[in-house]
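**Student:** Task: produce atomic coordinates for the following.
(chains A and B)
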Amino acid sequence: NAGVTQTPKFRILKIGQSMTLQCTQDMNHNYMYWYRQDPGMGLKLIYYSVGAGITDKGEVPNGYNVSRSTTEDFPLRLELAAPSQTSVYFCASSLTGLLNSPLHFGNGTRLTVT
Amino acid sequence: GESVGLHLPTLSVQEGDNSIINCAYSNSASDYFIWYKQESGKGPQFIIDIRSNMDKRQGQRVTVLLNKTVKHLSLQIAATQPGDSAVYFCAESGGSQGNLIFGKGTKLSVKP
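**Tutor:** Residues are numbered from 1 along each chain as shown, chains lettered A, B, ... in the order given. As a prediction, this is how the structure comes out:
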């Protein structure tokens, strides 16, 4: 199993540009999550999904959108990039959800908005 | 508000010594706790977890201790190796799918 795969690894955006961060997992996990990690800080939850067709906001959803059309894929969309969105983004999946099972993380996408 | 914090932001140990990383939590309703290890340039990696109905859980070279009375969690690493050098995060799950709170992390450095 490849686990959780994120693309791209790095990206530089200009203010106002848009992009989609891709995330796919091959573990047949229903639960998927997007986190951002700022320097010296813990991870903050952006959006999560408990199954295909279902998404919910996390702690810091503003400026982002998600979709979950399949079990495997959970892309994160930035419509109008802002410098405050400069961060490292991690996608994760879980077998039975945050209450019962650990997260499996991808290796992250490092995004810089200038 | 709820918070998960770490007592020591950095920890330096000699190779072969035992390491102890501490974590405080404030939400008494949290019932599932996890430790993650994050190496440079990688995503967090699951180390060990513990539920609130347990006080101690052991893995390979790692032990997690939970003291619910003082809301304290610790990770013990036996015979620390250079490959253990990383940032360690504790996290608590407080009752909903959107509520996993991460601490800021402790950086463990192992001196050969």
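
**Student:** A:G63 - how many residues pack around it?
**Tutor:** Burial of A:G63 is recorded as 14 neighbouring residues (other C-beta atoms under 10 Å in any protein chain shown). Quick note: C-beta positions are derived from backbone N, CA and C, even for glycine.

**Student:** swap that for B:A79, sorry
**Tutor:** Other residues within reach of B:A79, judged by other C-beta under 10 Å, total 11.

**Student:** ok now do the residue nearest the centre of chain A, which residues does it touch?
**Tutor:** Nearest to the mean C-alpha position of chain A, counting by C-alpha atoms, centre = their mean, stands A:W34 at 2.8 Å. Taking C-beta atoms under 8 Å, 6 or more residues apart in numbering or on different chains as the contact definition, A:W34 lies against A:21, A:23, A:45-48, A:58, A:64, A:66, A:74, A:76, A:89-92.

**Student:** Contact residues of chain A facing chain B?
**Tutor:** A:4, A:31, A:40-45, A:48, A:50, A:56-59, A:90, A:92, A:97-100, A:102-108 (C-beta under 8 Å from any C-beta of the partner chain).

**Student:** Now, of these, which are buried?
**Tutor:** Buried members of the residues of chain A next to chain B, counted by 16 or more other C-beta atoms under 10 Å in any protein chain shown: A:4, A:31, A:42-45, A:48, A:50, A:58, A:90, A:92, A:97-99, A:102-108.

**Student:** need the strands for chain B, in chain order.
**Tutor:** Using DSSP state E, the strands of chain B run over B:4-5, B:10-14, B:19-25, B:32-38, B:45-51, B:56-58, B:62-67, B:72-77, B:86-93, B:100-102, B:106-111.

**Student:** Neighbouring strands - and their directions - for the second one?
**Tutor:** When you say that, I think you mean strand B:10-14. Within its sheet, strand B:10-14 is paired with strand B:106-111 (parallel), according to DSSP bridges.

**Student:** Export the strand it pairs with to PDB, keeping only CA atoms.
**Tutor:** The C-alpha atoms that make up strand B:106-111 are tabulated as PDB, following Å, rounded to 0.1, in the frame of the first residue of the first chain:
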ATOM      1  CA  THR B 106       8.700  18.800  21.500                       C
ATOM      2  CA  LYS B 107      11.900  18.500  19.500                       C
ATOM      3  CA  LEU B 108      14.000  15.500  20.600                       C
ATOM      4  CA  SER B 109      17.700  15.600  19.700                       C
ATOM      5  CA  VAL B 110      19.800  12.500  20.300                       C
ATOM      6  CA  LYS B 111      23.500  13.000  20.800                       C
END
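
**Student:** ok, and for that strand, which residues are buried?
**Tutor:** By neighbour count with 16+ other C-beta under 10 Å, strand B:106-111 contains the buried residues B:T106, B:K107, B:L108, B:V110.

**Student:** try stretch A:11-27
**Tutor:** Taking 16+ other C-beta under 10 Å as the neighbour-count basis, stretch A:11-27 is seen to contain the buried residues A:R11, A:L13, A:M19, A:L21, A:Q22, A:C23, A:T24, A:Q25.

**Student:** In a markdown table: the buried residues of strand B:106-111, plus distance to B:V13 and pLDDT.
**Tutor:** Supplementary listing: those in a markdown table, determined by distance: C-beta to C-beta, whole Å; pLDDT from 0 to 100:
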| residue | distance to B:V13 | pLDDT |
| --- | --- | --- |
| B:T106 | 12 | 92 |
| B:K107 | 12 | 92 |
| B:L108 | 7 | 96 |
| B:V110 | 6 | 96 |
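
**Student:** Pick out whichever of the buried residues of stretch A:11-27 sits closest to chain B.
**Tutor:** Compare each of the buried residues of stretch A:11-27 with chain B using C-beta to the nearest C-beta and the shortest gap goes to A:C23, at 11.1 Å.
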